[in-house]
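*Asks:* give me coordinates for this.
(chains A, B, C and D)
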There are 2 protein chains.
Amino acid sequence: MKKRSARGTITRESVADAALAIADRDGFDSVTIRAVAAEIGATPMALYTYFPDKDALYEGMRGRVLERVSATNISRRTWQSVLEGVARGVHRVMGEHPHWTPLLAHDSGLPPSGLAFIDGLWAVMLKEGFAIEDVLRAYGSVMSFAIGSVLFERIMMGTEGDVIAKRLALLKELVGRAPGQYGSLATVAAKVDRWRWDDVFELGIRSLLAGIETQCAPSARHARRRPRTHRVRS
Amino acid sequence: MKKRSARGTITRESVADAALAIADRDGFDSVTIRAVAAEIGATPMALYTYFPDKDALYEGMRGRVLERVSATNISRRTWQSVLEGVARGVHRVMGEHPHWTPLLAHDSGLPPSGLAFIDGLWAVMLKEGFAIEDVLRAYGSVMSFAIGSVLFERIMMGTEGDVIAKRLALLKELVGRAPGQYGSLATVAAKVDRWRWDDVFELGIRSLLAGIETQCAPSARHARRRPRTHRVRS
DNA sequence: ACCTGAACACCGTTCAAGT
DNA sequence: ACCTGAACACCGTTCAAGT
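*Replies:* I've put the predicted structure just below:
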């Protein structure tokens, strides 16, 4: 909808940012090639100079999001501050831009800037004495939770922040069926408007850091060789 | 592609199952109204008798998936077995059907059967003495992790199980840039083919259950009134 | 190389009509 | 109520053409 931009002013970043702006404003499904082109004052096909297809555009968007996450200035002093920092960064950025969350669930690759970002985090963990396989194990569990908490909140609450509307719809759903049948749900749902979703995140991140500490983090005190229990599951 | 089904034989379940079968076989993006209709031998518009729109179809699919999760027979004896059981169920079902994972990230509602399922889990937690707000806090953190671990694995490894191909692509990516720059990434990536993703899940679920135990679970020994630390964040 | 305009093969969904 | 067939307003992407 903007005026035609001068030739040569388009960049991968400006395209990705335009796409993110549309997602913010109109929802993720409104991010179409045509809409993004209109946003920067170009023709749909002009974008194909910068991104070979729509998955590549998603990848570019994800790169820009990760730059925002890293801009929350994660301390690299300890492995705890690294893991907590990146989790908190994901949680904060996605809390501010709920329409961006589908990017986290779309398996269309990580841009080079994302690789560099991860490399920096893993370097700290290795330097702190993490075993190589524990780096991915610990990073994976924390990132899984960070991503999942954002998506789970979106699934439960929707994207519009209409908590009350959702709760009422839920209760109406319950009343419509056999009364008393969904007693536990109703009991908890009645508390939902007083609910702070951040508490879910806090409980999870605290538990995970503690668990990593005891299960795979290197102790600076005594330089033991990662005492992992070998487990057998049926 | 099947033969025309007799009039009146279509059900919500058969439509949802056909959609899940297509996702399994051809990928999630191949689940189109037209493809599902063809799968059950009907016309595209025939589905609209059972689902008002595509989001409703997703909701129906999610309901069928949750039935599978609950079919993993979750023990309801303790709150630990409930939370671990549902997390393990999600992890197992989605491990067997990676193409279904986008359903977990799509915020288009939970079907009534899903509500009943959650109600049953929460009933156990309440009966075990959980405070009302702790029910959602604990359930939320565990489910967030379960969902996130599935999606994170899919993001990192792709959906085809082509672990080696992915790793090679990653390493090639690294070599292409300044050598030695992505040292940490390369060090860890070199171990990836020996990697068991289940270890990420095990570390997370263990940590979360332990954290819930200390931070909000009721102790059967001494019936204290949930000793939560009151925290203030900047 | 960058960008345009027309066209193609899809998609979800509406509508009018049949049983 | 259940189901059909044609049509509409989209979508991502290809192609031939211009600078």
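*Asks:* I'd like the average pLDDT over the longest helix along chain A.
*Replies:* For chain A, the helix that runs over the most residues, judged by DSSP state H, is helix A:132-157. In this model, helix A:132-157 has an average pLDDT of 93.
*Asks:* and that helix, what does it pack onto?
*Replies:* Helix A:132-157 makes packing contacts with helix A:79-96, helix A:112-127, helix A:163-176, helix A:198-215, helix B:132-157, helix B:183-189, helix B:198-215 when contacts are defined by 3 or more Cβ pairs under 8 Å, 6 or more residues apart in numbering or on different chains; DSSP states H and E. For glycine as for every other residue, the C-beta is placed from the backbone atoms N, C-alpha and C.
*Asks:* now those helices in JSON lines, with distance to DNA strand D and mean neighbour count?
*Replies:* Conversion of those to JSON lines gives the following (distance: least, Cβ to the nearest atom of the strand, whole Å; neighbours: other Cβ atoms under 10 Å in any protein chain shown):
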{"stretch": "helix A:79-96", "distance to DNA strand D": "22", "mean neighbour count": "20"}
{"stretch": "helix A:112-127", "distance to DNA strand D": "21", "mean neighbour count": "18"}
{"stretch": "helix A:163-176", "distance to DNA strand D": "19", "mean neighbour count": "14"}
{"stretch": "helix A:198-215", "distance to DNA strand D": "32", "mean neighbour count": "21"}
{"stretch": "helix B:132-157", "distance to DNA strand D": "19", "mean neighbour count": "25"}
{"stretch": "helix B:183-189", "distance to DNA strand D": "28", "mean neighbour count": "19"}
{"stretch": "helix B:198-215", "distance to DNA strand D": "31", "mean neighbour count": "21"}
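*Asks:* nearest to residue A:150, out of the ones you listed?
*Replies:* Distance to residue A:150, taken as Cβ to Cβ, is lowest for helix A:79-96 among those, at 4.2 Å.
*Asks:* picking that back up, quick one: which of the helices and strands packed on helix A:132-157 is nearest DNA strand C?
*Replies:* If you check each of the helices and strands packed on helix A:132-157 against DNA strand C by Cβ to the nearest atom of the strand, helix A:112-127 wins as the nearest, at 17.3 Å.
*Asks:* wait, does that closest one contact chain B?
*Replies:* Yes: judged by Cβ under 8 Å from any Cβ of the partner chain, helix A:112-127 comes into contact with chain B through A:112, A:115-116, A:118-120, A:122-123, A:125-126.
*Asks:* flag every buried residue along stretch A:43-62.
*Replies:* Counting neighbours by 16 or more other Cβ atoms under 10 Å in any protein chain shown, one finds that the buried residues in stretch A:43-62 are A:46-47, A:50-51, A:56-62.
*Asks:* now the two most distant members of those.
*Replies:* Checking the buried residues of stretch A:43-62 against each other with Cβ to Cβ, the farthest-apart pair comes out as A:46 and A:62, at 21.4 Å.
*Asks:* leaving out chain neighbours, which residue sits closest to residue A:208?
*Replies:* Closest residue to residue A:208 in three dimensions, ignoring its sequence neighbours and counting by Cβ to Cβ, 6 or more residues apart in numbering or on different chains: residue B:207, at 4.9 Å.
*Asks:* surely that neighbour meets residue A:205?
*Replies:* No: applying Cβ atoms under 8 Å as the test, residue B:207 and residue A:205 come out as separate, 10.2 Å apart.
*Asks:* if I look at residue A:78, how far off is residue A:130?
*Replies:* When Cβ to Cβ, to the nearest Å is the yardstick, residue A:78 and residue A:130 sit 11 Å from each other.
*Asks:* to clarify, my last question referred to residue A:182.
*Replies:* 45 Å.
*Asks:* again with residue A:14
*Replies:* When distances are taken as Cβ to Cβ, residue A:14 and residue A:130 turn out to be 38 Å apart.
*Asks:* what's the answer for residue A:143, then?
*Replies:* 15 Å.
*Asks:* how about the nearest residue to the spatially most central residue of chain A, chain neighbours excluded?
*Replies:* Using Cα atoms, centre = their mean, the residue of chain A that lies closest to the mean C-alpha position is residue A:147, 4.1 Å off. With sequence-adjacent residues excluded and distances taken as Cβ to Cβ, 6+ apart, residue A:147 is closest to residue B:148, at 4.4 Å.
*Asks:* hmm, the one you found is touching residue A:142, no?
*Replies:* No: in terms of Cβ under 8 Å, residue B:148 does not count as a neighbour of residue A:142; the distance is 9.6 Å.
*Asks:* so where's chain A shaky on pLDDT?
*Replies:* For chain A, the stretches with pLDDT under 70 are A:1-4, A:6-7, A:159-180, A:192-194, A:219-234.
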